[in-house]
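**Q** predicted model and sequence follow; I will ask about them next.
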Amino acid sequence: MSNCLTIAIAKGYLFKESLKQLKSIGITFDEDVNWDRRLSADSTDKSIRVYQIRPWDVPDYVSGGAADIGIVGHDVLIENKKDVSQLVDLKFGYCRLVVAGPKAKCPITYFHGMKVATKYPRSSEIFFRNKGIKINLIKLYGAIELAPLTSLSDIVCDLTATGTTLKENDMEEIETIYDTTARLISNNSSLKFKYKEITELAHKLSNLPQEK
Amino acid sequence: MKTLTPFGVSDYLPETANKYDHCRKTISTCFKSFGFDYIRTPTLEYIDSLKPGLGPHLEASAIKFFDSSNQLLCLRPDHTTPIARIVSSQMKSAKLPLKLYYQGPVFRRSNSAQKDMEIFQSGLEIIGEDSAKHDADIINVCLKSLQALGYKNIGIDVGHADTLANSSEENKEHLLNKDYIALGSIPKRGGSELFKTTDRIQSLDKELNSLGIKNMVTYNSGLVRDLNYYTGLIFECYIEGFSEPVASGGRYDTLLKNFGVDAPAVGFAINVSLLMDNPSALEKSNV
């Protein structure tokens, strides 16, 4: 078996940032790799194969052993809980999962049977259950801010980095459910058989200077 | 006409069924050659009769229903607890140590369509012996039975129940969740020096050495299992190409006490369903 590590990285901002970090520890890709179209490529030194996949699919690729390791947001790991090892907080891709409601209706008091629109049903359910509030979940796939404005829901639980999109849609943040950043995760069996390679990479990535 | 099966269970058509049969027979031949006797427990149990042994995790995952007299039944969620029930009742006067092996499915609730509810296991228990030699012996039998199936590249991780016992409540949670970020560091794997204060692991290392299998064992300072009955050795067996451990086991010296018999015990189970899920690997074993 080859000692090449396979790594599944969440498409989008995390992907670009991950490539930068890999570059800074000496893992580069040929200039002609066009990541706008390519789903996978080997690093120039052939030590790493990268898969560019949907964020929500990263935990499945890693727990299923299709990739040895992965880089994905903590929010996705909480929402799509899989049996994987979490190795390093990479500290980039900072976001918050927040509760927000229409500015016109704020301040909002939570009530039983409140309709909550979200991409994050598991996180939202746990959050409100811990508060003892029974909610009706509406799972949406995008444009979450529109739900309360069209009376589809009373409030939303949505991911935000700066809060700008919420503000632009006349929404007000009520509270933060959790903070999230990118995490390096590993398949448990890969961590057993490629312990040295994976922990070395983890160590290098965790020692990078952080941009603030 | 409806011909589907529920999620979590599988039909084995003749080709697969033959492989399963081969697996089962190869493993039982190996177990017998090490002096283990076959024991069979029923598929259905009163949940109350297993309660002393099932931890909260297994009890919650058991598939339960009521019989005609409104008694709560379950499909057996593991083999070790029913065997403990038998050893404390019908086999109470049997001479210890007992060396028993079992084969058959266990049933656990699954909230994911990817996880089996019916899991075929082959495993064994040594009841009434408490020594590093017996700990090493069962690791050896586990290895030998997988090697008999033709698997190469097998690796064993060894840990100890002290890891959890000596951790704070928070860190216990982090270890069980494999959240090494919250834990603060990635648990070390290496030689027996990782457990230099655990005498039992030091003795185990010598036993593994004399059995000639030390090179297949890695000590893992983060190995924990969420079965609450482990009291000493914990081990997991990996095969390259499988994304999760194919076998696991350990020592549970207090389980039988919960059933009124003060006898130490050590054992393991091989997840035969997992071996069947990777038929290409089995083909390599010349089935």
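**A** Yep, it's here.
**Q** need the helix or strand of chain A with the lowest average pLDDT.
**A** helix A:164-168 (a mean of 91; mean pLDDT, DSSP states H and E).
**Q** show residues contacting the next helix or strand after that one.
**A** Note on helix A:164-168: by DSSP states H and E, the next helix or strand toward the C-terminus is strand A:171-180. By CB atoms under 8 Å, 6 or more residues apart in numbering or on different chains, the list of residues contacting strand A:171-180 from outside reads A:73-75, A:78, A:93-103, A:106-108, A:123-124, A:127, A:145, A:148, A:155-157, A:159-160, A:163, A:166. Where C-beta positions appear, they are placed from N, C-alpha and C, glycine not excepted.
**Q** can you select the buried ones among those for me in ChimeraX?
**A** A single ChimeraX command selects the buried members of the contacts of strand A:171-180 (16 or more other CB atoms under 10 Å in any protein chain shown):
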select /A:73,74,75,78,93,95,96,97,98,99,100,101,102,108,123,124,127,145,148,155,156,157,159,160,166
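**Q** before we move on, the earlier item: show me the contact partners of the least confident helix or strand of chain A.
**A** A:98, A:100, A:145, A:158, A:160, A:172, A:173.
**Q** mind listing which of those residues are in strands?
**A** Applying DSSP state E to the contacts of helix A:164-168, the entries found in strands are A:98, A:100, A:158, A:160, A:172, A:173.
**Q** okay, the fourth one and residue A:182: tell me how far apart.
**A** Summarising the geometry, the distance separating residue A:160 from residue A:182, computed by CB to CB, to the nearest Å, is 16 Å.
**Q** please apply the same query to the last one.
**A** Computed with CB to CB, the distance linking residue A:173 and residue A:182 is 22 Å.
**Q** which one's more surrounded, those two?
**A** Just comparing residue A:173 and residue A:182: by other CB atoms under 10 Å in any protein chain shown the higher neighbour count belongs to residue A:182, 26 against 16.
**Q** which residues of chain A lie near chain B?
**A** Within reach of chain B by CB under 8 Å from any CB of the partner chain, chain A has these residues: A:1, A:63-65, A:83-89, A:183, A:187-189, A:192-193, A:195, A:199, A:202.
**Q** show me the contacts for the nearest residue to residue B:99 once chain neighbours are set aside.
**A** Spatial nearest neighbour of residue B:99, excluding adjacent residues (CB to CB, 6 or more residues apart in numbering or on different chains): residue B:36 at 4.6 Å. With contact set as CB under 8 Å, 6+ apart, residue B:36 has these partners: B:99, B:100, B:101, B:124, B:141.
**Q** for residue B:36, phi and psi?
**A** phi -90, psi 140 (degrees, to the nearest 10).
**Q** can you tell me how far the residue of chain A found nearest chain B is from residue A:189?
**A** Residue nearest to chain B within chain A: residue A:65 (2.9 Å; CB to the nearest CB). Distance of residue A:65 to residue A:189, given as CB to CB: 6 Å.
**Q** overlap of the contact sets of these two?
**A** Counting by CB under 8 Å, 6+ apart, the shared contacts of residue A:65 and residue A:189 are B:242, B:243, B:244.
**Q** top helix in chain B by residue count?
**A** Secondary structure of chain B read by DSSP state H shows that its longest helix is helix B:14-33.
**Q** what helices or strands is that helix leaning on?
**A** With contacts defined as 3 or more CB pairs under 8 Å, 6 or more residues apart in numbering or on different chains; DSSP states H and E, the packing partners of helix B:14-33 are strand B:98-107, strand B:118-127, helix B:132-148, helix B:272-277, helix B:279-284.
**Q** tell me which of the ones you listed sits most buried.
**A** Greatest average neighbour count among the helices and strands packed on helix B:14-33 goes to strand B:118-127 (a mean of 24), per mean count of other CB atoms under 10 Å in any protein chain shown.
**Q** who does that one pair up with?
**A** Here strand B:118-127 is paired, per DSSP bridges, with strand B:98-107 (antiparallel), strand B:265-271 (antiparallel).
**Q** what strand or helix carries the residue in chain B that chain A sits nearest to?
**A** Residue of chain B nearest chain A, by CB to the nearest CB: residue B:243 (2.9 Å). In this structure, residue B:243 sits in neither a helix nor a strand according to DSSP H and E.
**Q** could you count how many residues lie near it?
**A** 20.
**Q** list the contacts for it?
**A** Taking CB under 8 Å, 6+ apart as the contact definition, residue B:243 lies against A:63, A:64, A:65, A:187, A:188, A:189.
**Q** so which of those wins on neighbours?
**A** Greatest neighbour count in those, by other CB under 10 Å, goes to residue A:187: 28 neighbours.
**Q** run through the residues that contact it.
**A** Taking CB under 8 Å, 6+ apart as the test, what residue A:187 contacts is A:62, A:63, A:64, A:65, A:67, A:68, A:69, A:84, A:85, B:243.
**Q** now pLDDT, distance to residue B:192 and secondary structure too, for those residues, in JSON lines please.
**A** Shown next, in JSON lines, are these (pLDDT from 0 to 100; distance: CB to CB, whole Å; DSSP: H, G, I helix; E, B strand; the rest coil):
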{"residue": "A:62", "pLDDT": "97", "distance to residue B:192": "30", "secondary structure": "helix"}
{"residue": "A:63", "pLDDT": "95", "distance to residue B:192": "30", "secondary structure": "helix"}
{"residue": "A:64", "pLDDT": "93", "distance to residue B:192": "33", "secondary structure": "coil"}
{"residue": "A:65", "pLDDT": "94", "distance to residue B:192": "29", "secondary structure": "coil"}
{"residue": "A:67", "pLDDT": "97", "distance to residue B:192": "32", "secondary structure": "coil"}
{"residue": "A:68", "pLDDT": "97", "distance to residue B:192": "27", "secondary structure": "coil"}
{"residue": "A:69", "pLDDT": "98", "distance to residue B:192": "28", "secondary structure": "strand"}
{"residue": "A:84", "pLDDT": "96", "distance to residue B:192": "27", "secondary structure": "coil"}
{"residue": "A:85", "pLDDT": "97", "distance to residue B:192": "22", "secondary structure": "strand"}
{"residue": "B:243", "pLDDT": "92", "distance to residue B:192": "27", "secondary structure": "coil"}
